[in-house]
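Visitor: can you look at this prediction? I've put the sequence above it.
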Amino acid sequence: MSVPPVVIQTDNLSKVYKGKPPKLALNHLSLSVDRGEIFGYLGPNGAGKTTTIKLLLDLIRPTEGKASLFGLDVNRDSVAVRQRIGFLPGELNLWDNQTGTQIVRYFASVRGGVDMNYVHELAERLEFDLTKKVRASSTGNKRKLGLILALMNKADLLILDEPTTGLDPLMQQIFFQLAMEARDEGRTVFMSSHILSEVQAICDRVGILRNGVLQAVERVDALTRVDFRWVMVRFRESVDSSIFASAPGVSELEADGNTVKLRLVGDFDPVVRALGSHYVEDLRVLEPTLEEIFLTYYGETTAAHNHHRQGAAKKEASL
């Protein structure tokens with residue numbers, strides 16, 4: 001079955017949960033996700049990410065707007081749509097008295113069969129023992145089983161809600177590899193996350209969600225080419241940071257002992273000239289992290305920016 005170039009399409013998709021007062025969880029979301037990309041759906045807890053996923057899967061119905069997957073309406077054609085999706089929920093509830101193999105075989109029968117050789121390959125790569133009962137599994141191992149269930153059919157679309165929760169760093173890297181392999185095969189990965197580093201590591205594009213509103217959609221490589229850098233200069237002796245104050249493109253100066261940190265936009269030459277005859281022991285240039293870029297979308301205060309930068313700068317200066 002052919003896969004259209006746009007795999008996920010939402011138009012003014014909204015959801016209000018009833019209550020006193022009602023809660024607007026998703027506010028007129030218009031979004032498209034293309035075939036063969038890893039799309040990161042990023043936002044803090046409570047931003048509306050899981051609500052979006054439930055709407056896409058027809059687990060709940062929208063208050064307003066519509067969504068389609070593979071060009072099919074998610075409400076009218078939900079059965080046909082789900083047959084082409086691998087899904088990992090944020091909260092994974094499995095049968096404690098069943099083994100991994102039993103659960104895999106059950107889901108395989110529902111989906112019309114599965115290549116058990118591929119299941120065993122996934123289990124080996126994720127270091128998961130399929131023979132153990134679920135009740136004997138840690139949170140991380142339950143997550144691994146959830147990934148196996150989502151990946152085993154090589155679905156056209158993977159919808160993964162916080163996929164790396166509970167995984168150790170090595171297993172996170174294995175997941176990254178699996179996601180990129182799916183993309184390289186022309187399949188699509190839609191993953192929600194609040195972990196900026198994993199989005200930066202594997203996603204092609206990212207949508208930033210806050211309070212139910214889509215703040216921005218951008219390519220990750222474009223976001224990481226923003227026009228500013230952090231510069232840290234460590235001198236042999238204490239130096240007054242004001243020597244940089246009049247240098248073009250320099251702002252947000254901070255001094256910590258013999259180290260001066262600054263934000264630089266544009267050419268580096270003004271910084272070099274401002275150094276004058278002072279002895280420089282070390283000079284480092286740091287690209288802004290995706291987190292620092294996204295903080296501007298999230299409307300954080302200058303104080304929050306400074307706190308984040310100070311921590312990062314102190315860590316780097318200690319290396």
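Guide: Good, I have the coordinates.

Visitor: what comes up buried for stretch 238-246?
Guide: 239, 241, 243-244 (16 or more other C-beta atoms under 10 Å). In this view, the C-beta of every residue, glycine as well, is placed from N, C-alpha and C.

Visitor: stretch 251-265 too?
Guide: 254, 259-264.

Visitor: returning to what we had before: now the buried residues of stretch 238-246 as TSV including distance to Phe294, pLDDT and secondary structure?
Guide: Shown next, in TSV, are the buried residues of stretch 238-246 (distance: C-beta to C-beta, whole Å; pLDDT from 0 to 100; DSSP: H, G, I helix; E, B strand; the rest coil):
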residue	distance to Phe294	pLDDT	secondary structure
Val239	33	87	coil
Ser241	28	87	helix
Ile243	32	91	helix
Phe244	27	92	helix
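
Visitor: which among those residues gets closest to Gly207?
Guide: Phe244 (37.1 Å; C-beta to C-beta).

Visitor: look up how far Asp129 lies from that closest one.
Guide: 57 Å (C-beta to C-beta, to the nearest Å).

Visitor: now swap in Leu286 and tell me
Guide: 42 Å.

Visitor: what do you get for Ser192?
Guide: Distance from Ser192 to Asp129, by C-beta to C-beta: 28 Å.

Visitor: the two: who's more crowded?
Guide: Between Ser192 and Asp129, counted using other C-beta atoms under 10 Å, the more crowded position is Ser192 (25 against 14).

Visitor: confirm that that one sits in a strand.
Guide: Yes: membership of Ser192 in a strand is supported by DSSP: H, G, I helix; E, B strand; the rest coil.

Visitor: that one against Ala47, yeah?
Guide: No: with contact defined as C-beta atoms under 8 Å, Ser192 does not count as touching Ala47 (9.0 Å).

Visitor: His120: how many residues sit nearby?
Guide: 14.

Visitor: OK, contacts around it?
Guide: Contact analysis of His120 by C-beta atoms under 8 Å, 6 or more residues apart in numbering lists Leu130.

Visitor: list the buried residues in whichever helix or strand it is part of.
Guide: Counting by DSSP states H and E, the element that carries His120 is helix 116-125. Buried residues in helix 116-125, counted by 16+ other C-beta under 10 Å: 119, 122-123, 125.

Visitor: between these, which sits nearest Gly207?
Guide: Once C-beta to C-beta is applied, the member of those that ends up nearest Gly207 is Leu122, at 27.6 Å.

Visitor: pretty sure that closest one sits against Gly146.
Guide: No: in this structure, Leu122 is not within contact of Gly146 by C-beta under 8 Å, at 11.4 Å.

Visitor: common neighbours of these two, please.
Guide: With C-beta under 8 Å, 6+ apart, Leu122 and Gly146 have no common neighbours.

Visitor: any weak-confidence spans in the stretch 1-150 of the chain?
Guide: 1-2 (pLDDT under 70).

Visitor: which residues in it form strands?
Guide: Using DSSP state E, counting those that start in this stretch, the strands of the stretch 1-150 of the chain run over 6-17, 23-34, 38-42, 64-69, 72-73, 85-88.

Visitor: need those strands in a markdown table (columns: mean neighbour count).
Guide: Below are those laid out as a markdown table (neighbours: other C-beta atoms under 10 Å):
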| stretch | mean neighbour count |
| --- | --- |
| strand 6-17 | 18 |
| strand 23-34 | 18 |
| strand 38-42 | 26 |
| strand 64-69 | 20 |
| strand 72-73 | 15 |
| strand 85-88 | 20 |
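
Visitor: looking at those, spot the one closest to Arg183.
Guide: When the strands of the stretch 1-150 of the chain are compared by C-beta to C-beta, strand 38-42 sits nearest Arg183, at 5.2 Å.

Visitor: alpha carbons of that closest one, as PDB, please.
Guide: Provided in PDB are the C-alpha atoms of strand 38-42 (Å, rounded to 0.1, in the frame of the first residue of the first chain):
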ATOM      1  CA  ILE A  38      11.500  11.800  12.500                       C
ATOM      2  CA  PHE A  39       9.300  14.500  13.900                       C
ATOM      3  CA  GLY A  40       9.800  15.500  17.500                       C
ATOM      4  CA  TYR A  41       6.700  16.800  19.300                       C
ATOM      5  CA  LEU A  42       8.200  18.700  22.100                       C
END
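
Visitor: gap between it and the chain center?
Guide: Relative to its chain's centre, strand 38-42 lies at 5 Å (C-alpha atoms, centre = their mean, to the nearest Å).
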